[in-house]
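> Here is my input; please provide its structure:
(chains A and B)
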Amino acid sequence: MTTGVAPAAAASRVPARRPLLNARRLTDVLSHAYIWLCLIVFVLPFLALLGYSFTGPGGTRPAQNFAYVVTSFGDNLLWSLKISALTLIINVVVSLPAAYAIVRHSFPGKRLLFSVLTLPLYVPGAVIGISLVLTYNFTYHLTTSMWGLVLAMALGTFPLMLTPLVVALKDLPVVFEEAAECLGATKWQTYRRIVLPLIGPGLSAGLLLCFIIVFNEYLVTLFVHPPGLTTAPLRVFNQIRTAGLSPTTAALAVTMQVISFAAVLLFFRLFGTRHLKGTYLL
Amino acid sequence: MSAEAGSLAPLLPATLHVPRRRERAARVRTLALLAPAILLALLFLYYPLVFILQMSFTEGSSFLSPGGPISTTENYVTILNRYLPNVFVTLQLAFLATAVDLVFGFPFAYILVRKVRYRTLVRGLMVFPMFGALYIAFGMRFILLPGGPATPILQALGIASTDALFSLPSVVFAMSIFTFPFMVLNIGTALSNVDPTLEEAAACLGARPWQTFARILLPLTRAGLVAGALTVFGWSIGTFAEPLLLGSINEQRALAWTVYQRGVVQTDYGLSTAMGTVLLIIAFVVTYLSLRYSRGALVE
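Residues are numbered from 1 along each chain as shown, chains lettered A, B, ... in the order given. Reported below is the predicted structural model:
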């Protein structure tokens, strides 16, 4: 700014010539430009859908498209929320004790067990889908129940809950628990009043990761969804395949992403990004 | 020392008795805590995988026919004879997406770690691709559609809209956007462990930037690069929505989609599960390699 206002004065004060654009500045500017270019590319598909959802057959009518989402796709959104909520509950019930045992107890083959438990993350969705739909059909008889879908989602995402919990518990010094026990607290009291509040952020990180994945999951859902139950991402997928692109489908996709992003922003606001370290999200 | 140990010997059984029982109780408690997770993984991942492995050695849908399963290795022979192009396309797509991520991800991670102060903002925006490949593919399909927002640009470049839409590059582009954050995460972790003074020292000693890159940065971040590349490759193997929405007939042969077509639509369980097994084996090999390279020290 000062250089723009009084270049002569600046030049007289600083004897050495300092060009506005030397090599170092140029690389800096280019670096930031590169970051922003990449970020724009990341958000571009979303922005395109956002723009598309604001168009209609007769000019621009965003209100109608989003009203359509609530009325016509409302069921799908509700199913998505319900499946996500149930999955999150199962994930917490499964992962909390497991993470505690992995960090606080010593037993042989711990590393192997952790690999065995986190392996679902690396199995392609289509393989999880085909294996589950066949076992549901012929062994478990879960094809018509919503619990089949919920358990499939839980299997695919509980490692995302386990990992931040393990990280959080490792960061929590064991002295707090020892102190509580010395003061006469039972195991359960220690767990509920000391451990749980202190690993809260880690737990929330797991909840966030699982929510994002389950809420937007369409692939395993495509395989194992019971008849008559269509989650919102699956509805998006089906709409594109059968009806092609339409502004209302775009509006549904935008709604899903906005809800997911709101969850991320809420988490960042409450806990910052620190607790997502060591997880699969940043 | 040895005399002391000898004098303690009669006491040992008595002192060890109680801890051993307590140890057993602790074992039981450990197992009880781990049981739900192990059960979930066993019942809904490992058993189904064994199930499809068995099924892949039976003919068609005979696994469940009243006459009993007809054992055959025909499914794998069929894959070798007729579906090798599908395997190749899948590998090709994953390979290209990984390469794009590596080339664009390294500078991104470097700048992010060394120069950017608004990192929270970048992290926030980088979450968008993680919401799912489906939305990315949907958005890109709309952008590239004839008459879509990209039409003027494509016209200026002299590319027909349909050529751009249903093509290999658009599939690879969508796939690499989806996996880019994982690549940046892996490289960024490795880079933040490299002391910046090393680069300054190299520059002081007269190294050109590309020399610093090739002889300092690259060797020191190799583990992160390999881990990131393998992770991305492993995730890209199962690509589904991108080839379907953005690819031509060629890219639509990707394995995951063929598994769905064969298994759920045409109920040829034998062939479908055999393809699933092939996909699984590729993914496991890649995962095994990546776990060997990555920060596996989380548990110990």
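> Find the nearest non-adjacent residue to the residue in the stretch 51-200 of chain B that chain A sits nearest to, please.
Per CB to the nearest CB, residue B:139 is where the stretch 51-200 of chain B lies closest to chain A, at 2.6 Å. (C-beta placed from N, C-alpha, C; glycine too.) Of all residues not flanking residue B:139 in the chain, residue A:45 sits nearest, at 2.6 Å (CB to CB, 6 or more residues apart in numbering or on different chains).
> got the residue ranges for the helices in the stretch 151-300 of chain B?
B:151-157, B:161-165, B:168-192, B:196-204, B:209-212, B:218-220, B:222-236, B:241-246, B:255-260, B:269-293 (DSSP state H, counting those that start in this stretch).
> Minimum distance to residue B:81: which of those helices has it?
Of all these, it is helix B:269-293 that lies closest to residue B:81, at 11.6 Å by CB to CB.
> From the contact counts, what lies against that closest one?
helix A:125-135, helix B:47-55, helix B:74-82, helix B:84-114, helix B:222-236, helix B:255-260 (3 or more CB pairs under 8 Å, 6 or more residues apart in numbering or on different chains; DSSP states H and E).
> Got the confidence number for residue B:194?
Residue B:194 carries a pLDDT value of 85.
> scratch that, residue A:89 is what I was asking about
Note on residue A:89: pLDDT of 96.
> Also residue B:65?
As predicted, residue B:65 sits at a pLDDT of 72.
> burial count for it?
By other CB atoms under 10 Å in any protein chain shown, the residues close to residue B:65 number 12.
> Where in the chain is the helix or strand with the lowest mean pLDDT?
Picked chain A for this. The least trusted helix or strand in chain A, going by mean pLDDT, DSSP states H and E, turns out to be helix A:2-5, with a mean of 44.
> think we crossed wires, I meant chain B
Lowest by mean pLDDT, DSSP H and E among the helices and strands of chain B is helix B:2-8, with a mean of 45.
> after that helix comes which helix or strand?
Per DSSP states H and E, the first helix or strand lying C-terminal to helix B:2-8 is helix B:12-41.
> Looking at the helices and strands packed on helix B:269-293, spot the one closest to residue B:282.
Taking CB to CB, helix B:84-114 is the member of these nearest to residue B:282, at 7.5 Å.
> what residues does the very next helix or strand once past that closest one touch?
For helix B:84-114, the following helix or strand on the C-terminal side (DSSP H and E) is helix B:119-126. When contacts are defined by CB atoms under 8 Å, 6 or more residues apart in numbering or on different chains, helix B:119-126 is touched by residues A:35, A:39, A:42-43, A:264-265, A:268, A:272-273, A:282, B:112, B:116, B:180-181, B:184.
> Quick check on those: which are buried?
The neighbour count (16 or more other CB atoms under 10 Å in any protein chain shown) marks A:35, A:39, A:42-43, A:264, A:268, A:273, A:282, B:112, B:180-181, B:184 as buried among those.
> what does the stretch 201-300 of chain B put close to chain A?
B:234, B:237-238, B:240-241, B:244-245, B:255-257, B:259-260, B:263-264, B:269, B:272-273, B:276, B:279-280, B:283-284, B:286-287, B:291, B:295-296, B:298-300 (CB under 8 Å from any CB of the partner chain).
> Buried among those? Make that a ChimeraX selection.
In ChimeraX, this line selects whichever of these come out buried by 16+ other CB under 10 Å:
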select /B:234,237,238,240,241,244,245,255,256,257,259,260,263,264,269,272,273,276,279,280,283,286,287,291
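> Residue ranges in the stretch 101-250 of chain A under the pLDDT threshold?
Within the stretch 101-250 of chain A, no range satisfies pLDDT under 70.
> burial of the residue of it found nearest chain B, as a residue count?
The stretch 101-250 of chain A approaches chain B most closely through residue A:124 (2.8 Å), counting by CB to the nearest CB. Residues within reach of residue A:124, counting by other CB under 10 Å, total 25.
> thinking residue A:105 is in contact with residue B:26, fair?
Yes: at 6.8 Å, residue A:105 counts as touching residue B:26 under the criterion of CB atoms under 8 Å.
> circling back to that earlier point, nearest spatial neighbour of the residue of the stretch 101-250 of chain A closest to chain B, skipping sequence neighbours?
Closest to residue A:124 by CB to CB, 6+ apart is residue B:238, at 2.8 Å.
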